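Colleague: starting from these lines, generate the structure:
(5 chains)
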Amino acid sequence: MNTLTGARSRKLGLPPGTLVHLGEKKTATALVTLVDYDEGQFTEAVAERADACTPFRDRPSVTWVNVDGIHDVEMVESIGTCFGIHPLVLEDVVNTGQRIKVEDFDDYLFMVFRTADLDGPGGRIDTDQLSLILGANFVLTFQEKASPLFATIRERLRNEKAKMRKAGADYLAYALIDLVVDHYFAVLEKLGDRIEDLEGELVQKPTQATFGAIYAIKREMLGLRKAVWPLRELVGSLSRGESPLIHDATQVYFRDVHDHAIQIIDTVETFRDILSGFVDVYLSSVSNRMNAVMKVLTIIATIFMPLTFLAGLYGMNFRYMPELEWRWGYPTLLGVMALTALGMTWFFVRKGWIWERRGVRGERRAAAALPNKKKARQK
Amino acid sequence: MNTLTGARSRKLGLPPGTLVHLGEKKTATALVTLVDYDEGQFTEAVAERADACTPFRDRPSVTWVNVDGIHDVEMVESIGTCFGIHPLVLEDVVNTGQRIKVEDFDDYLFMVFRTADLDGPGGRIDTDQLSLILGANFVLTFQEKASPLFATIRERLRNEKAKMRKAGADYLAYALIDLVVDHYFAVLEKLGDRIEDLEGELVQKPTQATFGAIYAIKREMLGLRKAVWPLRELVGSLSRGESPLIHDATQVYFRDVHDHAIQIIDTVETFRDILSGFVDVYLSSVSNRMNAVMKVLTIIATIFMPLTFLAGLYGMNFRYMPELEWRWGYPTLLGVMALTALGMTWFFVRKGWIWERRGVRGERRAAAALPNKKKARQK
Amino acid sequence: MNTLTGARSRKLGLPPGTLVHLGEKKTATALVTLVDYDEGQFTEAVAERADACTPFRDRPSVTWVNVDGIHDVEMVESIGTCFGIHPLVLEDVVNTGQRIKVEDFDDYLFMVFRTADLDGPGGRIDTDQLSLILGANFVLTFQEKASPLFATIRERLRNEKAKMRKAGADYLAYALIDLVVDHYFAVLEKLGDRIEDLEGELVQKPTQATFGAIYAIKREMLGLRKAVWPLRELVGSLSRGESPLIHDATQVYFRDVHDHAIQIIDTVETFRDILSGFVDVYLSSVSNRMNAVMKVLTIIATIFMPLTFLAGLYGMNFRYMPELEWRWGYPTLLGVMALTALGMTWFFVRKGWIWERRGVRGERRAAAALPNKKKARQK
Amino acid sequence: MNTLTGARSRKLGLPPGTLVHLGEKKTATALVTLVDYDEGQFTEAVAERADACTPFRDRPSVTWVNVDGIHDVEMVESIGTCFGIHPLVLEDVVNTGQRIKVEDFDDYLFMVFRTADLDGPGGRIDTDQLSLILGANFVLTFQEKASPLFATIRERLRNEKAKMRKAGADYLAYALIDLVVDHYFAVLEKLGDRIEDLEGELVQKPTQATFGAIYAIKREMLGLRKAVWPLRELVGSLSRGESPLIHDATQVYFRDVHDHAIQIIDTVETFRDILSGFVDVYLSSVSNRMNAVMKVLTIIATIFMPLTFLAGLYGMNFRYMPELEWRWGYPTLLGVMALTALGMTWFFVRKGWIWERRGVRGERRAAAALPNKKKARQK
Amino acid sequence: MNTLTGARSRKLGLPPGTLVHLGEKKTATALVTLVDYDEGQFTEAVAERADACTPFRDRPSVTWVNVDGIHDVEMVESIGTCFGIHPLVLEDVVNTGQRIKVEDFDDYLFMVFRTADLDGPGGRIDTDQLSLILGANFVLTFQEKASPLFATIRERLRNEKAKMRKAGADYLAYALIDLVVDHYFAVLEKLGDRIEDLEGELVQKPTQATFGAIYAIKREMLGLRKAVWPLRELVGSLSRGESPLIHDATQVYFRDVHDHAIQIIDTVETFRDILSGFVDVYLSSVSNRMNAVMKVLTIIATIFMPLTFLAGLYGMNFRYMPELEWRWGYPTLLGVMALTALGMTWFFVRKGWIWERRGVRGERRAAAALPNKKKARQK
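Modeller: Now for the predicted structure:
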């Protein structure tokens, strides 16, 4: 499948509201988890069939239905129908590649997020689509595959004294969104480590692989940026209390998430600036190395060409070449050659081409000027 | 004809409202298709003469007149007159090169779109102008040439139970616009494939042809971008219900199209960012190859110049050169030469110029860091 | 005169409203043309003295006074006084280098435009200042030199049945502005031709002259852009009916001009993007050619240096060099040399340096990827 | 003193309103000039002590107090106290490095400008801070050093019939600001001359000094830009009549100044664009020259290396080398060498490396494409 | 610890309001300083335990509690509880890496700043988080470590006649913020010194170390910019009197701080522009040096290759080489060689490659065009 655009075109010409799963199937079978709680009770269940959620629909307690694996279009459709969700919304839920957004349907808010993950030291950022529907007393979440993220929420919910147990569905939605947003910090920290490693490599001995790695991170950042930029406006609109589904008491928490979103965006932008600087440093180091190579070549050629010419001169077979007969011809010529070589060398020293150790010291000074990763780590 | 600007100047100085077809003639004869339907009936006809549409004008049922081939200025004019369209609008209809826009003329909305097409693996993006006029109970569409796009709509209309049959002209307009907008996804997918192919080529062995291809796609994107950027505002204004011609029930569908338009713009921008990165990668690989070439030259020259000098030295014909007479002179010199060559080689190894296999490994690592196309495809 | 800034400083310290002509004198003598018309009559005259316009001032018919040659400060002043124009406005009229703007003085609107012209295949864009003052029943236009543009308007006015004859001064102003704006299309078409020619040259065989031409067009565009950018806002404000001098019926025409202005700006921006891309293509082609030169040098040096060394070796005059005495010494050495040369060549073939025909093919492929000018022309 | 930031830190930790002069002392002793006028009378005096201005304070006539040399903190303070100016304002007056701004203190407006000056052909732009306080019937101006600018205003004031004599303090402020703003045109004209000279140099024979000069002008522009950008908003707010201190009749004049400010900003931006283009041209010319150098080297090496090898071959001392004994061996070899050289030359001609006169012609064509300074001057 | 992002992820999944210190511990033990004052009295104390602040809470006098060392989470919590601060605020206080912001909690304003410090000539910019909570009659400040900044405020407070003693808590907050903002000027001055030093180095003899230093300063600026950009809006909102906690009389002072913040941002942006220019200058100097190296190589090779070929030619051992027998063969050849060398030299002189002293002079001219640091210092 085309990783850049998705396979959107497969739906071309179908009437709107036709549910077709677009995206890769990331988990074998879809899993539906049902949680229902209020201050007094806590029910947890794995739903086999979608109609399992019907009894919870009209209860005043908070119901959280989580679906892992949105390729199960029928399951999504029946849950959606049960809670009265518009077909266009369900279409968006099953089509990955949605943009990050919040839509207000009066009875419920429909939000789309992307959760990010970065596995292994050389791994790529993996983003999954998370759709969240917040109603008066229910929260529906749809993920591409089961993520360990939501387990901590369930853990907190099991605790009878948790603040979440007393709060409404909006607080649950906040807790879920907060988790998603905060998880970006973890991804950014890992990226930050890689960037610092790259900076060290760039200072020590940049190779083409360093450049490849810079490019690869820049590339990864493109997707991350697309996922986090709209967060500012999304969470911002939630925190301004534009929907009655978000109670006043919860708004201060959304303001906090809004804050985190801005911090994340700032960090992403800073990373981009740093990486742009890396490209400059790399290209300048390539130029400098080319310069050094050229100098070596020029020094060697400039010293040996005249010498070789002189040697060739006295290798000629002319019958009448008086110098060849001289007693001290050979030592004299050797002397002339030595003088020529010394003169050339002096010329290059004056030009600052030899003793380019200075250049090496320079590189060391440049290295010192760059933030030392090891030192920074020890802090 | 000038492909960048059109031949606008041909109209210079003519009074406004003079209908002159500007643009290339993309189809031999203009074809007018008439469709009239409501919940109960469906009429389809190919109009020979423009007055064929008069009987449908005042009926309450929805009338859709589609013209393929806008070079037939008289046909456009008579249809326009029949539905009471302003001459300036008809002028815009027959002049290709209009910008994407929506204009509200109270009785009807006039919209200009561009449909995009990308044929063949090396083909170029071909955009055609599509003018759409939405009245209370009619939709007029004008295309440069017949496109297979609208056939699917006609197919859906023939189905008696289709939602479209029950809805008004605004829903038909929505269906048509949705199709045009969604078709961009197909074009972007093909472009995305090409970009991924280019990325592979860039990593394996970038040649000047790779750069040419990067440039060519960037160039294509310029036109595409011009066609999609104004879509956001256009469809946005339709979805905000600024015109009474769009009923409330249809607005939610336009909101969906709006969403798709933003996704398309995002994708176009992401492609642009990726292609900009490609240029950096290409230029850096050119520098690195130049560097490698220079190193080979320098190593060869630096090793052989001193040796050649020594050989030349003992090829001189001085009468008094004691070394020439020595019994072991020749083997000794060979030894000195070998030592010189080894010393030079050691110098280059220390400098990291030889064993540049590392460089090759580096390239491989860089290649690994880049998203592997094959792997991505298998997903 | 300084072509970049004008000679503004000559006015430094003079009281405001002092009329001094700033700019070059583009025509020998100023020519004042008077046109007065309504539905019934049409008068045309060349005014010798400025007071010629006095009789027309208070008539209800539309009066159009056109001045070619604004260096005749007295003439401008007397016309201005006759129609009650503010001295600061007249100051702007006679000072070229004004920015594009519209100013509302209640009784009249003062607008400044720049007309553009591009003569000859290698000519430069020449812009002249056009000041237009629109009153209730008069239009005053001031140009730096006579331009053939306005003749078409006069021609249309002579026709008794022209729409313009029935309309007011605002429609005349519209017709003039429309002409000025549409004339930019002609200039842009010529520029577009040049850009396509350049693209062809860039693909075939870019020389430094190509780069010079790219730079020259970019430079021309700077001035053009300065002239067209403010048009959008200017004509936009006219079309929004902010002044009672523009009647409602004329607004729809100004909306059309507004549309054209936006198209022109879009085209200018597209040209800029294309030209920026050209610089990249040019620089990359320079790098590639340098690379090719370096490769030739390196191949030659690497093949011949070892051979020359070997030849020098056996040109030495040591008394005891057994190889020299061997019967097959010479043929053996020739064989060794041939093997060395072959080995080197094999090394370069493996490195992909020889058979760089591929590179040439690559260039052809790149050329094919670029839009073919000839083909485009045939359309 | 640090020329980039001033010595702001010297004030760190002092209570606000403490008057300390920050900036260099540009004139030996401060000079206070008093002008008091209305339609009937005109008084001019040089104040020895600050209390000299007390008698003028309450008169209805317009009083203009100008201070040259703001390092005399006591003088500034006593004048400020006399006219009831807030200590924070006086602090700003004596601290150079203020940003351009206007502040409304109800009783008076406080404005900060920078006057620009460019002396000599290679001189730098010198900007001085000018603080202007406009009250109901007084204008206070504070400059770092006496500038000849204000003398022209005083000259105009002495003329009994000058419009300024009849107008109020706001018109005097307008005249002063107009002078400051218009003076930028003079500076920009000089800069424009330099830029055109540079363009000529760039086309003829760019050296590193040309690049240095480009950089130097770019650097100068940074400061100029900082001084002129805020002017637009500043004068704009004055012209919109936001303060009752500016009478309606004067607003039209401020609108004119506003216009000039925008023109200045436009010119500065155009200069920046032109200079950016220069950098591209310079770098491309450096690349082209490097390319030319490389070609010469490659041609020479490629022609002579095979020849030298052949000569070395027949300089070998093998006993059995049949060619050496041939009668026509030597002439034959000379022929082979000539053929080799000719073949190589033919190869380079075909590659377009020789006859690079074309390149030179190309440069001339590029030069022709650039606007010719001399021609432009003659206009 | 990751210096780019902090260790935010450690809090992932914890309920909001959980106080965990994130950031490095910059001081051994937390120190709480209590100051309470009004016009009549002044009390100063070092609090051992947090409840020490309770008695001051309800007094009408102004209470200032300063905490150095926010890692003491319990201390922060108890102070926060004492003054009724929301747990989310306290969470932000103990987590470094907050963005610069102001939040209005009706009863108090919560602000986050970063104080900047630059130690030593080669030191890095060190920023610490400063949280400031302004209530009706109290100010709480939380710093990462004790900074000498606040001592000057305490000193001024001890003075009975200080304006601060008569003013309220908002004036104290102003004084603290003013100090923080003004301290940026000190940091910028030091950075400005470094930039001027770099400019000198760039002109004299740029090495790779110069580039490293440019990069390092650019890198430092990234962090600084992140700290100062939000200041404009923050202080701006305080000066617009959006909160009743800031009295009208204090607003004019905040307007002054706002002004300083804008100046700081302007300076930071100017520095960025200057540093970008440096990169261009550096890269151009690298290209020029490479060009010079290439020229030396080409001159040497071009002169000696033909000579060496000629020498080799007459070193051949053909039996029949008539020239070898000529009496004047050797001197003639020497003459030919001299002529060849002279011809080559003349060619290079004509090409302007030799006498490149001009290039050196050029560099000096470029140096002169750049602002001379020494001269600037003497001012």
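Colleague: what's the burial count for the nearest residue to residue A:241 once chain neighbours are set aside?
Modeller: Using C-beta to C-beta, 6 or more residues apart in numbering or on different chains and skipping the chain neighbours, the partner closest in space to residue A:241 is residue A:251 (5.1 Å). Heads up, the C-betas are built off the backbone N, CA and C, glycines and all. Neighbour count of residue A:251, defined by other C-beta atoms under 10 Å in any protein chain shown: 17.
Colleague: ok, residue A:251 touching residue A:243?
Modeller: No - under the criterion of C-beta atoms under 8 Å, residue A:251 is not in contact with residue A:243, lying 10.3 Å apart.
Colleague: check the spacing between residue A:157 and residue A:150 real quick.
Modeller: Plainly put, residue A:157 is 10 Å away from residue A:150 if you go by C-beta to C-beta, to the nearest Å.
Colleague: grab the nearest non-local neighbour of residue A:286.
Modeller: According to C-beta to C-beta, 6+ apart, the nearest residue to residue A:286 is residue B:287 (5.0 Å).
Colleague: how many other residues sit next to that neighbour?
Modeller: Applying other C-beta under 10 Å, we find 20 residues neighbouring residue B:287.
Colleague: okay, buried residues for the strand or helix carrying residue A:215 please.
Modeller: Element membership of residue A:215, judged by DSSP states H and E, is helix A:208-239. By neighbour count with 16 or more other C-beta atoms under 10 Å in any protein chain shown, helix A:208-239 contains the buried residues A:208-231, A:234-239.
Colleague: can you check stretch A:125-136 too?
Modeller: A:125, A:126, A:127, A:128, A:129, A:130, A:131, A:132, A:133, A:134, A:135.
Colleague: quick check: mean pLDDT across that stretch?
Modeller: What stretch A:125-136 shows for mean pLDDT is 89.
Colleague: off-centre distance for it?
Modeller: 19 Å (C-alpha atoms, centre = their mean, to the nearest Å).
Colleague: same deal with stretch A:53-61?
Modeller: Mean-position distance between stretch A:53-61 and its chain equals 40 Å (C-alpha atoms, centre = their mean).
Colleague: please apply the same query to stretch A:267-279.
Modeller: The answer for stretch A:267-279 is 11 Å, by C-alpha atoms, centre = their mean.
Colleague: that stretch close to chain E?
Modeller: Yes - under the criterion of C-beta under 8 Å from any C-beta of the partner chain, stretch A:267-279 makes contact with chain E via A:267, A:270, A:271, A:273, A:274, A:277.
Colleague: do that stretch and chain B meet?
Modeller: Yes - looking at stretch A:267-279 against chain B by C-beta under 8 Å from any C-beta, the contacts come from residue A:279.
Colleague: what does that stretch contact?
Modeller: Identification of contacts with stretch A:267-279 by C-beta atoms under 8 Å, 6 or more residues apart in numbering or on different chains yields A:188, A:191-192, A:195, A:198-199, A:202, A:211, A:214, A:217-218, A:221, A:224-225, A:228, B:280, E:4-5, E:215, E:218-219, E:222, E:226.
Colleague: and the residue in chain A that chain C sits nearest to, what's its pLDDT?
Modeller: Residue nearest to chain C within chain A: residue A:315 (6.7 Å; C-beta to the nearest C-beta). Residue A:315 is assigned 83 on the pLDDT scale.
Colleague: so is it in a helix, a strand, or just coil?
Modeller: coil (DSSP: H, G, I helix; E, B strand; the rest coil).
Colleague: ditto for the one 3 residues further on
Modeller: Here residue A:318 is coil, with the state taken from three-state DSSP.
Colleague: check contacts around the residue nearest to residue A:241.
Modeller: Residue A:251 neighbours (C-beta under 8 Å, 6+ apart): A:238, A:239, A:240, A:241.
Colleague: swap in residue A:252?
Modeller: E:86, E:88.
Colleague: if we go to 7 Å?
Modeller: Residue A:252 makes contact with residue E:88, according to C-beta atoms under 7 Å, 6 or more residues apart in numbering or on different chains.
Colleague: now residue A:255. Nearest residue, chain neighbours left out?
Modeller: Using C-beta to C-beta, 6+ apart, the closest residue to residue A:255 is residue A:239 (4.4 Å).
Colleague: and the single nearest residue of chain A relative to chain D, how many neighbours?
Modeller: Of all residues in chain A, the one sitting closest to chain D is residue A:315 (6.7 Å; C-beta to the nearest C-beta). Neighbour count for residue A:315, taken as other C-beta under 10 Å: 27.
Colleague: then the one 5 residues further on?
Modeller: Neighbouring residues of residue A:320 were enumerated by other C-beta under 10 Å; the total is 14.
Colleague: could you chop chain A up by domain?
Modeller: A:1-166, A:289-378 (automatic domain parsing).
Colleague: closest to residue A:261 out of these?
Modeller: domain A:1-166 (10.5 Å; C-beta to C-beta).
Colleague: lowest average confidence across the domains of chain A, which one?
Modeller: Among the domains of chain A, domain A:289-378 scores lowest, at a mean of 73.
Colleague: that one near chain B anywhere?
Modeller: Yes - against chain B, domain A:289-378 shows contacts by C-beta under 7 Å from any C-beta of the partner chain at A:289-290, A:293-294, A:296-297, A:300-301, A:304, A:307-308, A:311-312, A:314-315, A:317, A:324-325, A:327, A:329-330.
Colleague: which residues of the stretch 201-350 of chain A fall in helices?
Modeller: Under the criterion DSSP state H, counting those that start in this stretch, the stretch 201-350 of chain A contains helices at A:208-239, A:248-313, A:322-325, A:329-350.
Colleague: put together JSON lines for these, with distance to residue B:171 on each row.
Modeller: Formatted as JSON lines, these follow (distance: least, C-beta to C-beta, whole Å):
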{"stretch": "helix A:208-239", "distance to residue B:171": "29"}
{"stretch": "helix A:248-313", "distance to residue B:171": "37"}
{"stretch": "helix A:322-325", "distance to residue B:171": "105"}
{"stretch": "helix A:329-350", "distance to residue B:171": "82"}
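Colleague: so which of these gets nearest residue E:62?
Modeller: Of the helices of the stretch 201-350 of chain A, nearest to residue E:62 by C-beta to C-beta is helix A:248-313, at 27.6 Å.
Colleague: relative to helix B:248-313, how tilted is the closest one?
Modeller: 20 degrees (axes from the mean of the first three to the mean of the last three C-alpha atoms, to 10 degrees).
Colleague: report the distance from helix A:248-313 to the chain centre.
Modeller: That offset, for helix A:248-313, works out to 19 Å (C-alpha atoms, centre = their mean).
Colleague: still on that earlier bit, contacts only, for the residue nearest to residue A:255.
Modeller: A:251, A:254, A:255, A:258.
Colleague: which SSE is residue A:170 in?
Modeller: Here residue A:170 is assigned to helix A:169-204, by DSSP H and E.
Colleague: say whether chain B is contacted by that helix.
Modeller: No - against chain B, helix A:169-204 shows no contacts by C-beta under 7 Å from any C-beta, the least distance being 10.5 Å.
Colleague: off-centre distance for that helix?
Modeller: 9 Å.
Colleague: got it, and stretch A:243-255?
Modeller: With C-alpha atoms, centre = their mean as the basis, stretch A:243-255 stands 30 Å off its chain's centre.
Colleague: which of the residues in that stretch are buried?
Modeller: Buried residues in stretch A:243-255 (16+ other C-beta under 10 Å): A:243, A:245, A:246, A:250, A:251, A:252, A:253, A:254, A:255.
Colleague: excluding residues flanking it in the chain, which one is nearest residue A:300?
Modeller: residue B:302 (4.6 Å).
Colleague: that neighbour contacts residue A:298, correct?
Modeller: No - between residue B:302 and residue A:298 there is no contact under C-beta atoms under 7 Å: 10.6 Å.
Colleague: so how far is the first residue of stretch A:149-168 from its last?
Modeller: 20 Å (C-alpha to C-alpha, to the nearest Å).
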